[in-house]
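J.: need a 3D model of the following:
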Amino acid sequence: MKSLTRTELLGYSLLLFVYALGIYFANSDVVFFDTHIVQEDGFAEYGTAFMLLCVFILTGGRLLNLGSSKPLLWKIGLAGMTLVFLFGAGEEISWGQRLFGIESSEYFLENNAQQETNLHNMMVGETKINKLVFSQILTVVLVIYLLILPILYRKKEWAKNLVNSFGVPVARWSHTTALVLATGMLEFMKSSSRRWELYELAFGVIFFIIFLNPLNDSIYKKEG
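T.: Numbers count the residues shown, from 1 in each chain. Presented below is the predicted three-dimensional model:
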């Protein structure tokens, strides 16, 4: 197994420190945990948005710098991932609405669970989109991406060629292990319903690490 890079060590150390604080305060002072560690517009939320923005910049930069030497499918894949992470960063902070004091339109006031200008808190009947898409569907996507895809990439040549063609970074087992551990550690913070803010932060940090140092890092080398 390839040794961890400095960036990976720094990212994992940061998460371990934040999670240790979270576990301590979630079990000793849950009010402090909710109002200082995982509060709305707090460290965890803005940290997540920042990390997603970093992935957006990293992916977009690769597209601009390497696109001229890459085939069309690779550029389509990178463009798609760039947009996905820009969307994720924007949604995390409601597209800067609270930062800039922008009022929500009547539509969002009536149909958004938090009356904010974002999609993940929208309501469809009695169901919150965040619960359906960002909890259930995203869980399936993560399992496929972090567990199934790395196995297929290593075992099946067709999967390797397909993934590389679209420029999709493949997680190393250290990345998968880190997110599995981050998921399991949430069980020690069950006293707070806002513990998921720390999980989103872990998601942002680990995905930045994956995109920065994937198993198939050769797909980000300039050709020709």
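
J.: am I right that Trp95 is in a helix?
T.: Yes: judged by DSSP: H, G, I helix; E, B strand; the rest coil, Trp95 forms part of a helix.

J.: confidence score at it?
T.: The per-residue pLDDT reported for Trp95 equals 75.

J.: neighbours around Gln136, how many?
T.: 10 (other C-beta atoms under 10 Å). For the C-beta atoms, the positions are set from N, CA and C on the backbone; glycine is no exception.

J.: ugh, wrong one, Glu91
T.: 19.

J.: can you check the pLDDT for it?
T.: Looking at Glu91, its pLDDT is 82.

J.: quick one: buried residues of stretch 176-189?
T.: Counting neighbours by 16 or more other C-beta atoms under 10 Å, one finds that the buried residues in stretch 176-189 are 176, 178-179, 182, 185-186, 189.

J.: from those, which land in helices?
T.: Within the buried residues of stretch 176-189, residues falling in helices by DSSP state H are 176, 178-179, 182, 185.

J.: kindly export the helix or strand hosting Phe87 (C-alpha atoms) in CSV.
T.: Phe87 is part of helix 72-92, with elements assigned from DSSP states H and E. Only the C-alpha atoms of helix 72-92 are listed here, as CSV (Å, rounded to 0.1, in the frame of the first residue of the first chain):
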residue,chain,number,x,y,z
LEU,A,72,-13.7,14.4,-25.5
LEU,A,73,-15.0,11.8,-23.0
TRP,A,74,-12.4,12.8,-20.5
LYS,A,75,-13.4,16.5,-20.8
ILE,A,76,-17.1,15.6,-20.4
GLY,A,77,-16.3,13.7,-17.3
LEU,A,78,-14.2,16.5,-15.7
ALA,A,79,-16.8,19.1,-16.7
GLY,A,80,-19.5,17.1,-15.0
MET,A,81,-17.6,16.5,-11.8
THR,A,82,-16.6,20.2,-11.7
LEU,A,83,-20.3,21.2,-11.9
VAL,A,84,-21.3,18.7,-9.3
PHE,A,85,-18.9,20.0,-6.7
LEU,A,86,-19.7,23.6,-7.5
PHE,A,87,-23.3,22.7,-6.9
GLY,A,88,-22.5,21.0,-3.6
ALA,A,89,-20.5,23.9,-2.3
GLY,A,90,-23.2,26.4,-3.2
GLU,A,91,-26.0,24.3,-1.7
GLU,A,92,-24.0,23.9,1.5
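
J.: please tabulate the buried residues of stretch 176-189 in CSV, including the columns distance to Asn213 and pLDDT.
T.: Converted to CSV, these look like this (distance: C-beta to C-beta, whole Å; pLDDT from 0 to 100):
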residue, distance to Asn213, pLDDT
Thr176, 13, 96
Ala178, 12, 95
Leu179, 15, 94
Ala182, 18, 95
Met185, 23, 95
Leu186, 25, 94
Met189, 28, 95
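
J.: helices or strands up against the helix holding Phe87?
T.: Counting contacts by 3 or more C-beta pairs under 8 Å, 6 or more residues apart in numbering; DSSP states H and E, helix 72-92 is packed against helix 43-66, helix 157-165.
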